[in-house]
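Undergrad: Just a sequence and a predicted model for now, questions to come.
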Amino acid sequence: MNKPAYLIVSAILLLSFFLTSCQEEEVSTAVLCTNRAEFTAYAETFNTIQDEHRIIISYSESPRSFFDGESSECSPDLVIDSFLDSQRYSGKFASLESLFLEEKIQSSQFYPALLSRGRRENQQYLLPVSFDLPGLYFKAGVVEQGIPGYGISLDQLDELNREFNIFNDERLERLGLSLRWQGEMLFLVGMLKGSNFRESNTGSLVWNAQSLTESVDFIRRWTLESNRGVAAERDFAQKYMVEPHYKLIDQERILCSYSSLSDFYLLPPQSREKLSLYWLSADDTIPILPGPLYAAIPQGAPGIKAAKVFLTWFFQAQNQEQLITSARDKRSRSFGIAGGLSSLPQVNQEILPTLYPGLVGRIPQSSYLVFPNRLPPHWKDIKHEVLIPWLQHQAIRENTDESFSERLRTWLQQRPSS
C-alpha cells in the first residue's frame, strides 16, 4: 500500500473510532438491583427496542440492604424490592415527581392506595410494581353454587369444611381443611381477624393483641369442634397427606388448600385446569399480601437518567402486555408482572384475563382490595421465624403459655443488631 492510500485508510479508521466512541458515550446506563429474576427478561426487551439507554441487572438476595449501609452485591441506580416503603428508608430515595409533572406517566394509571404509600412531603419517591393475593383452590364445580362471587370468608369456609368432613368411628375419612396444614394459613387467619401488624412511628412492629388472641381461639375451635381435635387431624395427615394437595382435592379426599395467586399459577397446567381459585376475604374485602414490590432510585444515583427512562417505559400497559405475553410464550415459571398482579389496574382487568382464562371475571375491583400496612424491613423473618412457629405451637394447646410479644422480644434480643 502506498503512503497516500495508507493515510486515507488510517484517517477513515480513526474517524470511525471517534464516531463509535461518541455513540458509546451517548448511551446512558443504569444498574438495576433486584431479587426478581423476571427483570432480566424485562431489561433485555428494553435494551433491544432502543439504543440510547441500557439497563444492567445485578441480582441481590436483599436489594434494600444497599440502603441499610450493609455490604451489598450491587451499587444500584434503581432498586426493586419489597418493604421499601418502610420508614427506615425515608430520605434515601431520589424524587420521581418529574415523571408525573412531565406527564411521562400518569398517577391515574395506578392503584391509588399503592401509589400513595410511596409519597412523602408532596413528592413521589416510590413506584409500585406488583402485588399478590391470598386464595384457596377447590375442585372446579364443587363450591360454585354455594359461594356467590369469588371471595370466601372464614365463616363460609368453616361451614363448607363441616359439610365436607366424613367420620368413620371418630376417624376422619375426608377432611375439608386443617388450618394447621400450612403455616401461611395460620398467619392469614390472624390477618383476616384484624391482627393489623404494622410498623410504628419508631420503626418497631406493633399489632392488635386482642385480635391476635381471638385468631388463636378461632384456630383452636376449628380443630376441636369442626375436625374433632388435634389427634384426628394428625391421624388423617399421617394416613392421607402424602400426595400434593391438588391431587387430594381432585380425589375429593380434602376440600381445598391455601395458595397465593402467584403460586397457584406454578401448579401443573393440566391439574390447575381442574381447580377454581377463590380469594380469602373479610367484610366483603380482599386483603393484599404484605410486601408488594416497589421501585426506587437512590439519592445521587449516577444512572438516574436511564433509570427514569426505563421506569417510563415499564409503566405503560401495552409494554407490560408484551412482557407478560413473551414470558407465557417462553413458558417461563412466573405469573403476571414480576410474579404478581400489576400495579396498573388496566393490565389486571383487561390484559391478564385474555392471557390467563381462569381469571376471567375474577380480578377484584380496586374498591374491594385492602392494601397492607407499612411493615419493618425484616417482617418476613419475623413472620417465618417467630409468628408462624408461635401460632403453630399455640394452636395445639388448650391455653396460651407464652405471649407473642414475649416470643418476639426473645428473638429480637438474640438477633444481631442491624
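TA: Nice, thanks for sending it over. Residues are numbered from 1 along each chain as shown.
Undergrad: May I see the buried residues of stretch 201-212?
TA: Within stretch 201-212, the residues that qualify as buried are 205, 207-208, 212, counting by 16 or more other C-beta atoms under 10 Å. Where you see a C-beta, it was placed from the backbone N, CA and C, and this is true even at glycine.
Undergrad: So which of the residues you listed are in strands?
TA: Those of those mapping onto strands are L205, per DSSP state E.
Undergrad: Return the closest of the buried residues of stretch 201-212 with respect to K330.
TA: Among the buried residues of stretch 201-212, L205 lies closest to K330 (C-beta to C-beta), at 39.8 Å.
Undergrad: Remind me which helix or strand the closest residue in space to the closest one that isn't next to it in sequence belongs to.
TA: Closest residue to L205 apart from its sequence neighbours, by C-beta to C-beta, 6 or more residues apart in numbering: P376 at 5.5 Å. Assigned by DSSP states H and E, P376 falls within no helix or strand.
Undergrad: just checking, P376 touches E199?
TA: Yes. The pair P376 / E199 is scored as a contact, 5.1 Å apart, by C-beta atoms under 8 Å.
Undergrad: For these two, list the residues in contact with both.
TA: Counting by C-beta atoms under 8 Å, 6 or more residues apart in numbering, the common neighbours of P376 and E199 are 86, 205.
Undergrad: Give me the neighbour count for I304.
TA: 18 (other C-beta atoms under 10 Å).
Undergrad: What residue spans form the domains of the chain?
TA: Using automatic domain parsing, the domain ranges for the chain come out as 27-132+291-369, 134-289+371-414.
Undergrad: Columns mean pLDDT on top of the ones you listed, output as TSV?
TA: Formatted as TSV, the domains of the chain follow (pLDDT from 0 to 100):
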stretch	mean pLDDT
domain 27-132+291-369	94
domain 134-289+371-414	94
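Undergrad: Pretty sure F138 sits in a strand.
TA: Yes. The assignment for F138 (DSSP: H, G, I helix; E, B strand; the rest coil) places it in a strand.
Undergrad: Which neighbours in the sheet does whatever helix or strand L277 lives in have, and how are they oriented?
TA: Element membership of L277 [criterion: DSSP H and E] is strand 275-280. The pairing partners recorded for strand 275-280 under DSSP bridges are strand 134-139 (antiparallel), strand 151-152 (parallel).
Undergrad: Identify all contacting residues around the helix or strand that that strand is followed by.
TA: Scanning forward in sequence from strand 275-280 by DSSP H and E, the next helix or strand is strand 286-287. Applying C-beta under 8 Å, 6+ apart, the contact partners of strand 286-287 are 133-134, 151, 191-192, 279-281, 364, 368-370, 372.
Undergrad: Same check on stretch 157-176?
TA: Outside stretch 157-176, the residues touching it (C-beta under 8 Å, 6+ apart) are 136, 143, 146-147, 177, 222, 226-228, 232-233, 235-236, 240, 252-256.
Undergrad: any chance you could map the strands in the stretch 51-200 of the chain?
TA: 53-59, 78-82, 119-120, 123-124, 127-131, 134-139, 151-152, 166-168, 171-174, 198-199 (DSSP state E, counting those that start in this stretch).
Undergrad: For those, give me JSON lines that also has mean neighbour count and distance to T312.
TA: Output for the strands of the stretch 51-200 of the chain, formatted as JSON lines (neighbours: other C-beta atoms under 10 Å; distance: least, C-beta to C-beta, whole Å):
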{"stretch": "strand 53-59", "mean neighbour count": "18", "distance to T312": "10"}
{"stretch": "strand 78-82", "mean neighbour count": "26", "distance to T312": "12"}
{"stretch": "strand 119-120", "mean neighbour count": "15", "distance to T312": "18"}
{"stretch": "strand 123-124", "mean neighbour count": "17", "distance to T312": "13"}
{"stretch": "strand 127-131", "mean neighbour count": "25", "distance to T312": "10"}
{"stretch": "strand 134-139", "mean neighbour count": "22", "distance to T312": "32"}
{"stretch": "strand 151-152", "mean neighbour count": "20", "distance to T312": "35"}
{"stretch": "strand 166-168", "mean neighbour count": "11", "distance to T312": "57"}
{"stretch": "strand 171-174", "mean neighbour count": "16", "distance to T312": "54"}
{"stretch": "strand 198-199", "mean neighbour count": "18", "distance to T312": "30"}
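Undergrad: so which of the ones you listed comes closest to P268?
TA: Here strand 134-139 is closest among the strands of the stretch 51-200 of the chain (C-beta to C-beta), at 12.7 Å.
Undergrad: Alpha carbons of whichever strand or helix holds C33, as CSV, please.
TA: Per DSSP H and E, C33 falls inside strand 28-34. Taking Å, rounded to 0.1, in the frame of the first residue of the first chain, the C-alpha atoms of strand 28-34 are listed here in CSV:
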residue,chain,number,x,y,z
SER,A,28,-26.7,6.2,29.4
THR,A,29,-26.6,3.1,31.7
ALA,A,30,-28.3,2.2,34.9
VAL,A,31,-27.7,-0.7,37.2
LEU,A,32,-31.0,-2.3,38.4
CYS,A,33,-30.6,-4.3,41.6
THR,A,34,-33.4,-6.8,42.3
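Undergrad: buried set for that strand?
TA: Those would be 28, 30-34, for strand 28-34 by 16+ other C-beta under 10 Å.
Undergrad: Stretch 110-120 now?
TA: 110-111, 114-115, 117-118.
Undergrad: do stretch 385-398 as well
TA: 386-388, 390-391, 394-395.
Undergrad: thinking again about what came up before, out of the strands of the stretch 51-200 of the chain, the one nearest R88 is which?
TA: With C-beta to C-beta as the yardstick, what comes closest out of the strands of the stretch 51-200 of the chain is strand 198-199 (8.3 Å).
Undergrad: tell me what that closest one is packed against?
TA: Under the contact criterion of 3 or more C-beta pairs under 8 Å, 6 or more residues apart in numbering; DSSP states H and E, strand 198-199 touches strand 205-206.
Undergrad: where does the strand it packs on sit relative to the chain's centre, distance-wise?
TA: From the chain centre to the centre of strand 205-206 is a distance of 21 Å (C-alpha atoms, centre = their mean, to the nearest Å).
Undergrad: That strand: partners in the sheet, and parallel or antiparallel?
TA: As assigned by DSSP bridges, strand 205-206 forms pairs with strand 198-199 (antiparallel).
Undergrad: Quick one: residues in contact with the partner strand.
TA: 86-87, 205-207, 373-376.
Undergrad: can you put those in TSV and add distance to N165?
TA: Listed next are these as TSV, based on distance: C-beta to C-beta, whole Å:
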residue	distance to N165
S86	42
Q87	46
L205	36
V206	38
W207	32
N373	35
R374	40
L375	36
P376	39
